[in-house]
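1. build me a model from this:
(one chain, ligands or ions: 1)
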Amino acid sequence: MAFPPNRGRSLAHKARQRSPGHHYNASFMSAADRAEALSWLAALHPLWEERYSKHFPPPPGQSQRRLLRPVYWLGNWQFACLDYYHPPKGVLNRCVQAEPFPAVLQRQVTKIEELARRMYRGPDMPARWHLNTCLVNFYGSRLEDGRWVDTARVGEHKDFEPGPVASLSFGERALIQFVTSSRPGERDAVVLEQWLDDGSLQLFGGARWKEQTFHRVQRVDTRTGKTLAPELPDFRTRRINLTFRYVPDEHVIPFAALSPEAREDVRPYMAQLAKGSAFFRDAVAREPTVSPG
Ligand SMILES: O=C(O)CCC(=O)C(=O)O
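-> Predicted structure coming up:
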């Protein structure tokens, strides 16, 4: 007996073949989970971070700058001024223990990890890989000298945490592009672009998407005109993105165990976080006595 061609399935199969290692599901989150995640996000107190610090000053020709957007981290906090997690050399004094994932996010993570274990093998799936880190990025416009300036973009970069990276999106859709980095002068050639919709999952891993290409957020739509909570005095959020990553557990340390220099650099941020979080209040209280001078 002949079956009619299963067009939908074969198209999905072709899409997978075109970009193996990259997966997109526009309607990954259920309406109930999406609503629960948004109400949990609404209670966050995101942080404005500066890129550099006393012990990590700007390189020659660069100056201190604020990040383009407020952020929050779960699992561990990679402060910009500690220069993020960057193996093999940049692994110590970079990832500070942070709050665990709330139940609604842990449920998504469990599903994503199952999917990832089916998708990636061998060198694309590190032995102890699990998603234990989450960067929450707030995209929108910030108030600069009395004017609202759209800062909803991210420049070309790589995520250096080992193994697959997953991202969940909320609010206005965003255009993400993966661009090649293999040939000088052709760094901007777009090899894949994808609109990331409200409630969607993007998962990418393997050498093609983690090592051979950079990714960037080109723009975020302004269709709905809605602002997402939490309400911030100097920022209007129209998209929130969560990227889940893996940092080997031995590289995640409590604030109290950071080097004295790193503690000095991030102490004001920890104090700020402690105002909105019992977890960070406790972490600050455990810091060894700081000697004056
Ligand atoms: O907002 C996004 O969709 C991507 C964010 C991103 O590239 C990152 O957090 O490294």
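2. report the distance from stretch 240-247 to the chain centre.
-> With C-alpha atoms, centre = their mean, to the nearest Å as the basis, stretch 240-247 stands 4 Å off its chain's centre.
3. no no, stretch 34-51
-> Distance, stretch centre to chain centre, for stretch 34-51: 12 Å (C-alpha atoms, centre = their mean).
4. which other residues reach that stretch?
-> Here stretch 34-51 makes contact (C-beta atoms under 8 Å, 6 or more residues apart in numbering) with 29, 58, 64-67, 70-72, 79-81, 102, 104-105, 108, 136, 138, 168, 170, 198-199, 228-230, 232, 240, 269, 272-273, 275-277. Where you see a C-beta, it was placed from the backbone N, CA and C, and this is true even at glycine.
5. got the CA positions of that stretch in PDB?
-> Taking C-alpha atoms only, stretch 34-51 is exported to PDB below (Å, rounded to 0.1, in the frame of the first residue of the first chain):
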ATOM      1  CA  ARG A  34       5.000  31.000  29.500                       C
ATOM      2  CA  ALA A  35       2.600  33.000  31.800                       C
ATOM      3  CA  GLU A  36       4.300  31.500  34.900                       C
ATOM      4  CA  ALA A  37       7.800  32.300  33.600                       C
ATOM      5  CA  LEU A  38       6.700  35.900  32.800                       C
ATOM      6  CA  SER A  39       5.300  36.500  36.300                       C
ATOM      7  CA  TRP A  40       8.500  35.100  37.800                       C
ATOM      8  CA  LEU A  41      10.600  37.400  35.600                       C
ATOM      9  CA  ALA A  42       8.400  40.300  36.700                       C
ATOM     10  CA  ALA A  43       9.700  40.100  40.200                       C
ATOM     11  CA  LEU A  44      13.400  40.200  39.300                       C
ATOM     12  CA  HIS A  45      15.700  43.100  40.100                       C
ATOM     13  CA  PRO A  46      18.100  43.100  37.100                       C
ATOM     14  CA  LEU A  47      21.500  44.800  37.300                       C
ATOM     15  CA  TRP A  48      23.200  47.400  35.200                       C
ATOM     16  CA  GLU A  49      26.800  46.200  34.900                       C
ATOM     17  CA  GLU A  50      29.900  48.000  33.700                       C
ATOM     18  CA  ARG A  51      32.300  46.200  31.400                       C
END
